[in-house]
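Asker: Coordinates for the following, if possible.
(chains A, B, C and D)
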Number of protein chains: 4
Amino acid sequence: MNISDFNHKITITVRFHEVDMLGVCNNAVYVNYFEHARLEYVKAAGLIPPGGIFSDGKLFFMVHNEINYRDHAFYDDEVEVYSKISYIKNSSFGFDHVIVKKKTGQVIVDGKGVVVYVDPKTRKSTALPEDFIEKVKKIDPDVKIIRD
Amino acid sequence: MNISDFNHKITITVRFHEVDMLGVCNNAVYVNYFEHARLEYVKAAGLIPPGGIFSDGKLFFMVHNEINYRDHAFYDDEVEVYSKISYIKNSSFGFDHVIVKKKTGQVIVDGKGVVVYVDPKTRKSTALPEDFIEKVKKIDPDVKIIRD
Amino acid sequence: MNISDFNHKITITVRFHEVDMLGVCNNAVYVNYFEHARLEYVKAAGLIPPGGIFSDGKLFFMVHNEINYRDHAFYDDEVEVYSKISYIKNSSFGFDHVIVKKKTGQVIVDGKGVVVYVDPKTRKSTALPEDFIEKVKKIDPDVKIIRD
Amino acid sequence: MNISDFNHKITITVRFHEVDMLGVCNNAVYVNYFEHARLEYVKAAGLIPPGGIFSDGKLFFMVHNEINYRDHAFYDDEVEVYSKISYIKNSSFGFDHVIVKKKTGQVIVDGKGVVVYVDPKTRKSTALPEDFIEKVKKIDPDVKIIRD
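Answerer: Numbers count the residues shown, from 1 in each chain, chains lettered A, B, ... in the order given. Below you'll find the model as predicted:
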């Protein structure tokens, strides 16, 4: 993954309690950073309903996460979390993430997440709304649309 | 606080990610241990409705926590969290907690928490139900009942 | 506590995973916010050694935390954490904290923390260095100096 | 993955603060469960040095985590985390994990983790010690040994 392919970025500072006894940001914490980045992405894309997240009764659930650890982040490091939606299927979509150390540009982790759109009544996957693709394209014009 | 005054105990093993870069269980983690102990207490007292926690629409909110750090717990330490309800007021009640290292009996932290019973509609404090006192007394017969 | 008495402030946005199943920022999370605020305070005061935190072998341990919950913060709320060192003793010092909702100024929690300065060899409390008071006074000129 | 292929299991109860505002165990929490299970595995295999974890100066770092979410765990659910080391390479090894709901046997998540053995001085990967394979084989006799 090349950060020049990413159009969305957030900056996070590693907090003290996120660092484990090996002195490095704990491996699970990056999954929270990915989650935070995805939510900031959907907010930036105008995908949060006006009444606040989940106020329209629509649910998004993770079905897959993967993460490669390339290097370590330490206490008080500023890291940049780059995110893009790389593809959209009928009822799910995929995120790519890269986290780099702000000061050095060094890649700390990269990873992917798959999110499924869920009908709150049946708790089963359901077709993404019409304007979802349009809103994502405003951030990631090159998103792949995959139809069955 | 003397652990001989406590009738409820849970055992927790300190997990790797709960230990911070100083090599000790992070100070905020004990607040989660207190919370876990309180919920196990109310479960043991028969105070969880049959349909599951909050299924009856009743809410309990923390209004106060305090904690004294006496010593450190480390990765993989088994600790015992002792809890009692020391008093019940009209719409709130107070917990005492002591956490000791299982192997040595050494006190790691002690603390107190105050919980208020909340009407889910108004989100304001409301009178505790009739049988609350009776159920608590099965665990802590000496609980102080404080009426205005 | 009155926020006009505070000279140090950080801003935090409540993250998704910090909100519990009651839909509110979990009660233990604020203790992490306090910790983060204290570390930003000591950084702002020039109290972090040039080689990075703990690089001089000096340790600071919490001995007391207390927190009053006045209201709730929710997902994505920006909160301001105000901190001051209210007193310095021979080998310990006390923080006051207030957290307010940025948008409304509404107080969410307030609390106090006591930190002890520890000799890394003996792991016992030891006298704070000479310039500690001077550096704190640059942020909090009114800090009380309490000598035995 | 079939749980009949696993010889190591730990049981965890989902804690209140691990459940997010969607009412389900947060997606990052399972990564902590995987970590906890791996450490219990290496403990069971006799791979923790007598002086305690890391006391021999040997480091293990994650290089990869992946996780598939099949269903949800809820507050107070007892889950069983099954772990096995599926392969050992020269300086790294791979874990498989499955988490099932104890009551129903329902699969909640499955996943994999790759751990690399690191020389603490160079912080680079280094050959696993001779007896590592033997100790793992006591739990997982069918572990694949992959030599370059």
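
Asker: Tell me who's in contact with A:Tyr75.
Answerer: A:Val14, A:Arg15, A:Phe16, A:Val19, A:Gly23, B:Met21, C:Ile53 (CB atoms under 8 Å, 6 or more residues apart in numbering or on different chains). No exception for glycine: its C-beta is placed from N, CA and C like everyone else's.

Asker: Please tell me which one of those residues counts the most neighbours.
Answerer: For the contacts of A:Tyr75, counting by other CB atoms under 10 Å in any protein chain shown, the largest number of neighbours falls to A:Val19: 26 neighbours.

Asker: which ones among the contacts of A:Tyr75 come in contact with chain D?
Answerer: Near chain D, taking CB under 8 Å from any CB of the partner chain as the test, no member of those is found.

Asker: what kind of secondary structure is A:Ser4 in?
Answerer: Assigned with DSSP: H, G, I helix; E, B strand; the rest coil, A:Ser4 falls in the helix class.

Asker: Pull the number of nearby residues for it.
Answerer: A:Ser4 - counted by other CB under 10 Å - has 7 other residues nearby.

Asker: That one and A:Lys101: what is the separation?
Answerer: 17 Å (CB to CB, to the nearest Å).

Asker: cool, and A:Tyr87?
Answerer: Taken as CB to CB, the span from A:Tyr87 to A:Lys101 is 28 Å.

Asker: For the two, indicate the residue with more neighbours.
Answerer: The neighbour count for A:Tyr87 versus A:Lys101, taken as other CB under 10 Å, is higher for A:Lys101 (18 against 15).

Asker: Thought A:Val79 was touching that one, still the case?
Answerer: Yes. With contact defined as CB atoms under 8 Å, A:Lys101 and A:Val79 form a contacting pair (5.9 Å).

Asker: tell me the helices in chain A, going along the chain?
Answerer: A:29-44, A:130-139 (DSSP state H).

Asker: How about the contacts made by the closest residue to A:Val31 other than its chain neighbours?
Answerer: Among residues not flanking A:Val31 along the chain, D:Ala28 sits closest, at 3.8 Å (CB to CB, 6 or more residues apart in numbering or on different chains). Shown in contact with D:Ala28 (CB under 8 Å, 6+ apart): A:Ala28, A:Val29, A:Val31, A:Asn32, A:Glu35, C:His17.

Asker: Recalculate using a threshold of 7 Å.
Answerer: A:Ala28, A:Val31, A:Asn32, A:Glu35, C:His17 (CB atoms under 7 Å, 6 or more residues apart in numbering or on different chains).

Asker: what number of residues lie near the second one?
Answerer: Each residue near A:Val31 was counted by other CB under 10 Å, and the total is 28.

Asker: Kindly report the same for the fourth one.
Answerer: By the criterion of other CB under 10 Å, A:Glu35 has 21 neighbours.

Asker: Same question for A:Ile3.
Answerer: A:Ile3 - counted by other CB under 10 Å - has 15 other residues nearby.

Asker: ok, now A:Ala127?
Answerer: A:Ala127: 11 neighbours (other CB under 10 Å).

Asker: In this structure it contacts A:Asn90, no?
Answerer: Yes. Using CB atoms under 7 Å, A:Ala127 is in contact with A:Asn90, at 5.7 Å.

Asker: how much space between A:Thr104 and A:Arg70?
Answerer: Counting by CB to CB, the gap from A:Thr104 to A:Arg70 is 12 Å.

Asker: go on, A:Val136?
Answerer: 27 Å.

Asker: Give me the more crowded residue out of the two.
Answerer: Taking other CB under 10 Å, A:Val136 and A:Arg70 do not tie; A:Val136 has more neighbours (22 against 13).

Asker: and that one, what pLDDT?
Answerer: Note on A:Val136: pLDDT of 98.

Asker: give the contact list for it.
Answerer: A:Val136 touches A:Ala45, A:Ile85, A:Ile88, A:Val143, counting by CB under 7 Å, 6+ apart.

Asker: Try it again at 10 Å.
Answerer: When contacts are counted by CB atoms under 10 Å, 6 or more residues apart in numbering or on different chains, A:Val136 is found next to A:Tyr41, A:Val42, A:Ala45, A:Gly46, A:Leu47, A:Lys84, A:Ile85, A:Ile88, A:Phe93, A:Leu128, A:Val143, A:Ile145.

Asker: Look up how far chain B lies from A:Thr11.
Answerer: 21 Å (CB to the nearest CB, to the nearest Å).

Asker: So what's the residue count around that residue?
Answerer: 9.

Asker: Give me the spatial nearest neighbour of it, chain neighbours excluded.
Answerer: A:Glu80 (5.4 Å).

Asker: Am I right that the one you found is in contact with A:Val109?
Answerer: No. A:Glu80 is not in contact with A:Val109 according to CB atoms under 10 Å; the separation is 11.7 Å.

Asker: Need the pLDDT of the residue of chain A most remote from its centre.
Answerer: Farthest-out residue of chain A from its mean C-alpha position, per CA atoms, centre = their mean: A:Met21, at 26.8 Å. A:Met21 carries a pLDDT value of 93.

Asker: And for A:Gln106?
Answerer: 97.

Asker: A:Thr122 too?
Answerer: pLDDT at A:Thr122 comes out at 83.

Asker: ok, now how distant is the most centrally placed residue in chain A from A:Met62?
Answerer: With distances taken as CA atoms, centre = their mean, A:Arg38 lies nearest the centre of chain A, 3.0 Å away. The spacing between A:Arg38 and A:Met62, counted by CB to CB, is 9 Å.

Asker: Could you list the low-confidence segments of chain A?
Answerer: Chain A contains no residues with pLDDT under 70.

Asker: Could you tell me which residues of it lie near chain B?
Answerer: Counting by CB under 10 Å from any CB of the partner chain, the residues of chain A close to chain B are A:15-29, A:74-75.
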